[in-house]
Structures are given as C-alpha cells and as structure tokens.
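Novice: The following comprises the amino acid sequence and a computationally predicted model.
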Amino acid sequence: MYHTTSRDGITEINPTDEHLKELLLSVGEEEGDESAPDVWLTHLETGWCISVFPGGYVTLENNLRPVPEREMEELSNQRIFSLWKLLAAGDIENLMDQPWSKK
C-alpha cells in the first residue's frame, strides 16, 4: 500500500496512474502561499518516500529508519513516474539500483 501527498497537503491512498501524473504536473504550476513546492509518494510497508520538486529534482528517503537521503536532478516527469511506480509496487531492490547520489 502507498499514498501520495499533494502540494496542498491532501493525501490519497493508492491513487490511479492518472492521478499520479496530475500530481507530477502540479509541481510545475505557479505556487500560491498555501502550497508547498513538492509532492511525494510513500510506500507504507517499507517507509520509503520519493519527493518531487520543481525542475525535476527528486529525493529518496526512508521515514522508518535512518539511512542517507538520496537524490537525482533534472528528471523528466516520465522518468519520475517510473520511479514512483517502482516504489508503489514495493520494488525497493530495483529502485535502489537506479543512479541515486547520496546527499
């Protein structure tokens, strides 16, 4: 099971692929006072979370255990979507095989 959190702080459990793509598009939208700059997807069983910021900047962290945060820069929404799908499926092994840099 996984959930997403929007720029407005709205959480949705197991959203559709279409909703995931909408969230990614929202990162590039004009920011209002009430909105955060990022959106994220969290895999509940493992605690791994991918946050997406403007400009295709992405972080990977674990909310359940202390591990170094990882990052990638200048990713397309399509690439980010594929990372989110790995995380949503709980495919942590393949997710960790991606070219992350430690922060």
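Specialist: Sure thing, it's come through.
Novice: Could you look up the SS state of residue 45?
Specialist: coil (DSSP: H, G, I helix; E, B strand; the rest coil).
Novice: What does it show for phi and psi?
Specialist: Here is the backbone geometry of residue 45 (degrees, to the nearest 10): phi -70, psi -30.
Novice: surely it meets residue 62?
Specialist: No: Residue 45 is not in contact with residue 62 according to Cβ atoms under 8 Å; the separation is 11.7 Å. Any C-beta I mention is one placed from the backbone N, CA and C, and that applies to glycine too.
Novice: Between those two, which has more neighbouring residues?
Specialist: For residue 45 versus residue 62, the count of surrounding residues by other Cβ atoms under 10 Å is larger for residue 62: 17 against 10.
Novice: And the pLDDT for the more buried one?
Specialist: Residue 62 is assigned 96 on the pLDDT scale.
Novice: Quick check, it in contact with residue 47.
Specialist: Yes: with contact defined as Cβ under 8 Å, residue 62 reaches residue 47; the gap is 4.8 Å.
Novice: got the contact list for residue 26?
Specialist: 6-7, 39 (Cβ atoms under 8 Å, 6 or more residues apart in numbering).
Novice: Could you dump those residues into a markdown table and include distance to residue 22?
Specialist: A markdown table is the format used below for the contacts of residue 26 (distance: Cβ to Cβ, whole Å):
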| residue | distance to residue 22 |
| --- | --- |
| 6 | 9 |
| 7 | 11 |
| 39 | 10 |
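Novice: would JSON lines of these with neighbour count, pLDDT and distance to residue 103 be doable?
Specialist: JSON lines is the format used below for the contacts of residue 26 (neighbours: other Cβ atoms under 10 Å; pLDDT from 0 to 100; distance: Cβ to Cβ, whole Å):
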{"residue": "6", "neighbour count": "19", "pLDDT": "95", "distance to residue 103": "24"}
{"residue": "7", "neighbour count": "18", "pLDDT": "93", "distance to residue 103": "22"}
{"residue": "39", "neighbour count": "25", "pLDDT": "96", "distance to residue 103": "19"}
